[in-house]
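Asker: Generate a structure from the sequence data that follows.
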Amino acid sequence: MNLIDYKTAWKTLKSGLPIIFPTDTLPAIGCLPKFSNIIYEFKKRDKNKPLILMGSEYKQLIDYVHESAKEDYENLASKYWPGALTIVIPASAKQTAHLTSNDLTIGLRIPNSNIAQSLLRETGPLLTSSANISGFKGSITAEGIALDFPSIKILGPIPWGESSGKASTIIFWKNSGNWKLIREGEVIVRELY
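Answerer: The predicted structure is shown next:
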């Protein structure tokens, strides 16, 4: 297993390679936004499935949100983050170079994990996906993930703290004050009901 610390994680990410790290839901594979193709390669993921941009706090992600949706973004982010909620929202015009969606939206999340937040404070936002081969149920332990991704470095120390093993809830911003549930997960968003 390729266990690494934060300093080595940063060097690995800057070189264009992904790393694997724990979150509050499922372990994540992440990379710097400009290297997003690498996650699709390692996961064998369909290029039409966008990645999620994770940050350490909602203010770190605000520049990725289109002006028309900022107020709604801040309202939900302040209530549900850090936590298992992914907010899909229109992207700001200046951040479209880092989009992995076809509709000018971006999925944003702040994990409720000290290890993940510490990493994201050091690296800045990372594009992420769950650490599994697409179409297969992945492991939630570093040891199990190392079997699926033997060449990818894994953030230590291990064992990782407790995670839910469930995917995040995903909601989509339709227009001002109007959200749509995309995937039900751990978080129940009162604004949808």
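Asker: Who are the packing partners of the lowest-mean-pLDDT helix or strand in the chain?
Answerer: Of all the helices and strands that make up the chain, the one with the lowest confidence by mean pLDDT, DSSP states H and E is helix 58-61; it has a mean of 91. Counting contacts by 3 or more Cβ pairs under 8 Å, 6 or more residues apart in numbering; DSSP states H and E, helix 58-61 packs against helix 70-80. Where you see a C-beta, it was placed from the backbone N, CA and C, and this is true even at glycine.
Asker: Which parts of the helix it packs on count as buried, going by neighbours?
Answerer: The neighbour-count check on helix 70-80 (16 or more other Cβ atoms under 10 Å) flags Asp72, Tyr73, Leu76, Ala77, Tyr80 as buried.
Asker: any idea which of those residues is closest to Asp5?
Answerer: Ala77 (29.3 Å; Cβ to Cβ).
Asker: List the contacts of that closest one.
Answerer: Counting by Cβ atoms under 8 Å, 6 or more residues apart in numbering, Ala77 makes contact with Tyr58, Leu61, Ile87, Leu108, Ile110.
Asker: Report pLDDT for the residue lying closest to the first one once chain neighbours are set aside.
Answerer: With Cβ to Cβ, 6 or more residues apart in numbering as the measure, Ala77 is the residue that lies nearest to Tyr58, at 3.8 Å, once sequence neighbours are left out. Reading off the per-residue confidence, Ala77 sits at a pLDDT of 93.
Asker: How much space separates Ala77 from Phe35?
Answerer: Relative to Phe35, Ala77 is positioned 26 Å away (Cβ to Cβ, to the nearest Å).
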